[in-house]
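K.L.:
got a predicted model here, sequence first, then my questions.
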Amino acid sequence: MRLVAAEPNLASRGETAATALATVVLYSKPGCHLCDEAATILRRLASEQILRWRAVDITTDPALFERFKFRIPVLEIDSGPILDWPTTVERVRKAVLTRQ
């Protein structure tokens, strides 16, 4: 379930690392209604142009399945901070905007 295409490089858009959109990975699996709720939050924030995101189906990778099977949905921001469910639009926005 990839909903956001890859972004062009920063220089071509006139961005620096400080102004670049955050990249969020949503670890999920098919049939997970909480994952659908997390995707709704990410779509909303993507429309505000503060992040781009992609979903990763944990059932396609045994290591990811073992790591996240009881935790999904899980949001990983720029390969760093992890947000577990439950979360809110405000919590995700704050985590994205204050990322280091």
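P.N.:
Received it, and whenever you're ready, just let me know what you need.

K.L.:
so what touches the longest helix along the chain?
P.N.:
In the chain, taking DSSP state H as the definition, the longest helix is helix 33-47. By Cβ atoms under 8 Å, 6 or more residues apart in numbering, the residues outside helix 33-47 that reach it are 1, 3-4, 24, 26, 28-29, 51-53, 55, 72-73, 75, 85-89, 92-93, 96. Where you see a C-beta, it was placed from the backbone N, CA and C, and this is true even at glycine.

K.L.:
bridging residues for the spatially most central residue of the chain?
P.N.:
Central residue of the chain (Cα atoms, centre = their mean): residue 24, 2.6 Å from the mean position. Per DSSP bridges, the residues bridged to residue 24 are residue 53, residue 77.

K.L.:
same check on residue 57?
P.N.:
Bridge pairing for residue 57 - DSSP bridges - gives residue 28.

K.L.:
for stretch 75-84, list the C-alpha coordinates in CSV.
P.N.:
C-alpha atoms of stretch 75-84 as CSV (Å, rounded to 0.1, in the frame of the first residue of the first chain):
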residue,chain,number,x,y,z
LEU,A,75,5.3,4.8,12.8
GLU,A,76,9.0,5.2,12.3
ILE,A,77,10.1,8.8,11.5
ASP,A,78,13.3,9.4,9.5
SER,A,79,14.7,5.9,10.5
GLY,A,80,14.7,7.2,14.1
PRO,A,81,11.9,8.0,16.5
ILE,A,82,9.2,5.3,16.8
LEU,A,83,5.6,6.0,17.7
ASP,A,84,3.4,3.1,18.8
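
K.L.:
tell me the buried residues in it?
P.N.:
75-78, 83 (16 or more other Cβ atoms under 10 Å).

K.L.:
nice, that's everything, thank you.
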